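Engineer: here is my input, please return the structure:
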Amino acid sequence: MMLLPVVGAGVDEQNQPLQGDDERPLTRYEKLSKYSNIWKTLLTIGFLVIVHTFTGIALVITNAKRPAVELLPDAIQSAIPYVKLEIYINILMVLMIVSEVIFIIFNKKRWYIIRRTVAVYAILSLIRVFTMTVTFLPDPSPKCPREHDPNYKITFKNIITQLFGGLTCGDMIFSGHTMGFIFPGLIHHHFIGKIIGWIYLFVGVIGAFGLIVSRFHYTVDVLLSLVLSPLLYFAYNLCCENPTLANKLPCLLSKYFMFMEWSEMAKEEDNREKL
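Structural biologist: Prediction:
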């Protein structure tokens, strides 16, 4: 992770040298840096849990509301017949995610990586909740029957079943599986190593293509996820690593990044000065 000079120990909020560290008031960065890096990460994970709860509700609704009509015309699916790859697609995605988690665990910046990745994933998942529930499309998977019960009940059991019960039907427009394929490559490329990161991304794109031919998703679902996931991931990290954007971001975003990221960078700079 690239660290840039930020306001922290040794300078005040106007980047002027401090006179007598023992007598000066704490800067806003130093006040925020007292909050543990780990606790900030857990706060982000809590946000993800809330978003996943909404995702489960959305899955219950879309499974019932998906229309029993003819499938949408799709260029790739019209050219390539259905290939039964569902189990292999899921295995490949799990292997990619688990292997990248191992890399993250042994990385000294693990809490930064986890916090930022979870934050971006939660934001994308929230977007997915809206795309699923504002427009209902027929599911192209032959494992999702067209005729189904349009009634639904939003209960804890139904939410858990949709989130962890395996096959879901009707969750079109924004592919969650594609996010699972792309994120390991994005993480590795940005934080750990570019060569292996490119390999992850290449395999992820192959896996995303498999989603189309195995009828997990329409092509547009996969393309939307392939475009939005990298854009948001790198934009979020760009803001995290550039405190100079503070005056250019909306007030709430500026305060968010100051609390979650910039104060941690200031604390690191302070620790470096003490070494």
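
Engineer: isn't R128 up against G176?
Structural biologist: Yes: the pair R128 and G176 qualifies as a contact (C-beta atoms under 8 Å) at a distance of 6.0 Å. The way it works is simple: take the backbone N, C-alpha and C, and place the C-beta from them, glycine included.

Engineer: give the residue spans of the stretch 151-275 of the chain that score low on pLDDT.
Structural biologist: With pLDDT under 70 as the threshold, the stretch 151-275 of the chain has low-confidence stretches at 262-275.

Engineer: which one's more surrounded, R128 and G176?
Structural biologist: R128 (24 against 19; other C-beta atoms under 10 Å).

Engineer: residue contacts, the more buried one?
Structural biologist: By C-beta atoms under 8 Å, 6 or more residues apart in numbering, the residues touching R128 are T55, A58, D171, F174, G176.

Engineer: check for me that the fourth one belongs to a strand.
Structural biologist: It stands for F174. No: for F174, which was evaluated using DSSP: H, G, I helix; E, B strand; the rest coil, the result is coil, with no strand membership.

Engineer: next, count neighbours for it.
Structural biologist: For F174, using other C-beta under 10 Å, the count is 23.

Engineer: that one contacts V220, correct?
Structural biologist: No: assessed by C-beta under 8 Å, F174 is found out of contact with V220, at 9.5 Å.

Engineer: closest to F103 among the contacts of R128?
Structural biologist: Closest to F103 out of the contacts of R128 is G176 (22.0 Å), distances taken as C-beta to C-beta.

Engineer: any idea how far R215 is from P140?
Structural biologist: Using C-beta to C-beta, to the nearest Å, P140 is found at 4 Å from R215.

Engineer: typed the wrong thing, it's P150
Structural biologist: As for P150, its distance to R215 is 22 Å (criterion: C-beta to C-beta).

Engineer: so which of those two has more stuff around it?
Structural biologist: Legend: neighbour count by other C-beta under 10 Å for P150 and R215, higher for R215 (21 against 11).

Engineer: and what about the more buried one, helix, strand or coil?
Structural biologist: Three-state secondary structure (criterion: three-state DSSP) places R215 in coil.

Engineer: can you pull the contacts of the closest residue to F257 other than its chain neighbours?
Structural biologist: The spatial neighbour of F257 that comes closest, neighbours along the chain excluded (C-beta to C-beta, 6 or more residues apart in numbering), is C239 at 5.5 Å. Neighbour list for C239: L245, L249, L253, F257, E261 [criterion: C-beta under 8 Å, 6+ apart].

Engineer: and the residues you listed, which are buried?
Structural biologist: For the contacts of C239, burial is judged from neighbour counts taken by 16 or more other C-beta atoms under 10 Å, and it is met by F257, E261.

Engineer: can you tell me which of the contacts of C239 is closest to S99?
Structural biologist: Scanning the contacts of C239 for proximity to S99, where the rule is C-beta to C-beta, the winner is E261, at 26.3 Å.

Engineer: for that closest one, which non-adjacent residue is closest in space?
Structural biologist: C240 (4.3 Å).

Engineer: need the contact list for that neighbour.
Structural biologist: R116, F257, M260, E261, W262.

Engineer: hmm, try it at 7 Å
Structural biologist: With C-beta atoms under 7 Å, 6 or more residues apart in numbering as the criterion, the residues that contact C240 are R116, F257, E261.

Engineer: the second one and P243: what is the separation?
Structural biologist: Think F257. Relative to P243, F257 is positioned 8 Å away (C-beta to C-beta).

Engineer: try the last one
Structural biologist: If you measure E261 against P243 using C-beta to C-beta, the figure is 8 Å.

Engineer: same deal with H189?
Structural biologist: Relative to P243, H189 is positioned 23 Å away (C-beta to C-beta).

Engineer: please, where are all the helices along this protein?
Structural biologist: Listed from the start of the chain, the chain has helices (DSSP state H) covering 28-33, 37-65, 75-79, 86-105, 110-134, 156-164, 176-187, 194-213, 219-240, 251-257, 263-274.
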